[in-house]
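Enquirer: pasting the sequence and the predicted coordinates here, then a few questions.
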Amino acid sequence: MRILKNFGALCALSFVVFPSLNCAAQQSATVVQDSRYEQLLNEKRKINSSITVNDNYKIQIFYGDNGEARKTLSDFKREFKNLDGTIIFASPTYKVWIGNFKTRIEAEKNLVDVRKKYPYALLINPNK
């Protein structure tokens, strides 16, 4: 009887110990990355840095829903090729901001021209 108890304990121990000898805690993996990924990432960084909100003045020409904002921006880009524009989402509406003017005087000069086409355009300083 005593031998059977020891044999049972030995069997249970062998089922626990022996399978764990084959287990590895961690395995190393090699990641192969396409070289175009870095190029795409650098392009994205350049684009993001150009549309960040900063201390410069901007002109807001539209405030409303997404479809109208996209249409307004595309119409604006056809009219005013020398000014850049972007759509900003401020829940629940979209805003179309144009320009990136360092001084208020420069922004006001452009505002006069823009108001001929967009009479409700207004001058904004996003960080204030």
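Expert: That came in fine, so what should we check first?
Enquirer: next secondary structure after the host helix or strand of Arg78?
Expert: According to DSSP states H and E, Arg78 maps onto helix 66-79. Downstream of helix 66-79, the first helix or strand assigned by DSSP H and E is strand 85-90.
Enquirer: report the angle between that next one and helix 66-79.
Expert: 160 degrees (axes from the mean of the first three to the mean of the last three C-alpha atoms, to 10 degrees).
Enquirer: for whatever helix or strand comes next after strand 85-90, enumerate the helices and strands it packs against.
Expert: Once the chain leaves strand 85-90, the next helix or strand it forms, by DSSP H and E, is strand 93-101. On a contact count with 3 or more C-beta pairs under 8 Å, 6 or more residues apart in numbering; DSSP states H and E, strand 93-101 meets strand 57-64, helix 66-79, strand 85-90, helix 104-117. Where C-beta positions appear, they are placed from N, C-alpha and C, glycine not excepted.
Enquirer: in the first one, what's buried?
Expert: Within strand 57-64, the residues that qualify as buried are Tyr57, Lys58, Ile59, Gln60, Ile61, Phe62, Tyr63, counting by 16 or more other C-beta atoms under 10 Å.
Enquirer: which of those sits closest to Trp97?
Expert: The closest of the buried residues of strand 57-64 to Trp97 turns out to be Lys58 (C-beta to C-beta; 4.5 Å).
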